[in-house]
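Asks: could you work out the structure for the sequence below:
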Amino acid sequence: MHLGEEIVLEGGALVDKVVRRGRGGYCYELNGAFAELLTALGYRVTLLAARVMGPDGKFGIPFDHLALLVGAEGGQGREWLVDVGFGRNSHHPLSFTERGDQLDPGGVFRIAETEEGDLDVSKDGAVQYRLERRPRALADFEAGNWWHRTSPLSPFGQSVLCSRLTEDGGRVTISGRTLVTTTDAGGRVERTLAEGEVAAAYREHFGLEPERIPEVRGTGQGN
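Replies: Numbers count the residues shown, from 1 in each chain. Predicted coordinates:
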């Protein structure tokens, strides 16, 4: 969105962007592309919609987030909540039917029933998002995709952010022009990148080759 490119919610286009073009994306793109991989490997994948809990203690818009329900083809065995598109999520899949604490390198997670029949996914006692159970299609997320690309209230329009887990359980993040490295033990190092270091940082830490450096474009421009 910060490069002014269209975000196409179609399986083949998402795989092409993330895998072949070496680019990143947000939840609709990352989980959408991962769903294509899991389906090709023979898993049964259901797209689920969620509303993310904001810093104000309120849930976001409908179709705010896309997560995956994954099970073996034919309906045999356990089902898992799989989510590679949420930054504060578990490192490993969560058992979809377990209602007790689930220990993970990312924290203590719990999936709890709500009175309305939805599921609250919590980390360390704090709700991360509220998940619907109804199966969805990628096309159902078009309105959320448009809102996150164009609304001044969307967090994605307020800063350029790129983040991933590291092999040692920490995280590396580029936020604007700041490189942030954290460890699983809680250590944190921040460094401001010089203008000429930004492209190299995307390449070194994320394997990304953007044609130009992304800048905050603002919202309401329809791109």
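Asks: low-confidence stretches in this structure?
Replies: Counting by pLDDT under 70, the ranges of the chain that qualify are 75, 217-223.
Asks: same thing but at 80, please
Replies: 73-76, 184-186, 209-211, 216-223 (pLDDT under 80).
Asks: mind listing the strands for it?
Replies: 43-52, 65-72, 80-82, 94-95, 102-104, 107-113, 119-123, 126-131, 161-165, 171-175, 178-182, 188-192 (DSSP state E).
Asks: the fifth one pairs with which strands?
Replies: Which is strand 102-104. Strands that pair with strand 102-104, judged by DSSP bridges, come out as strand 107-113 (antiparallel).
Asks: same deal with the shortest one?
Replies: Paired neighbours of strand 94-95 in the sheet (DSSP bridges): strand 80-82 (antiparallel).
Asks: find the residue at the geometric middle of this protein.
Replies: Of all residues in the chain, the one closest to the mean position by C-alpha atoms, centre = their mean is Gly85, 1.8 Å from it.
Asks: wait, it sits on Ala33?
Replies: No. Contact criterion C-beta atoms under 8 Å: Gly85 and Ala33 do not qualify, at 9.3 Å. The way it works is simple: take the backbone N, C-alpha and C, and place the C-beta from them, glycine included.
Asks: next, show the common contact partners of these two.
Replies: Counting by C-beta atoms under 8 Å, 6 or more residues apart in numbering, the common neighbours of Gly85 and Ala33 are Gly25.
Asks: now do the buried residues in stretch 54-66.
Replies: 59-60, 63-66 (16 or more other C-beta atoms under 10 Å).
Asks: just stretch 159-167 next, same as before
Replies: Counting neighbours by 16+ other C-beta under 10 Å, stretch 159-167 gives 160-163, 165 as buried.
Asks: so what's Leu66 bridging to?
Replies: Ala49.
Asks: and it, how far is that from Gly169?
Replies: For Leu66, the distance to Gly169 equals 25 Å [C-beta to C-beta, to the nearest Å].
Asks: by residue count, what's the longest helix in the chain?
Replies: Secondary structure of the chain per DSSP state H: the longest helix is helix 27-40.
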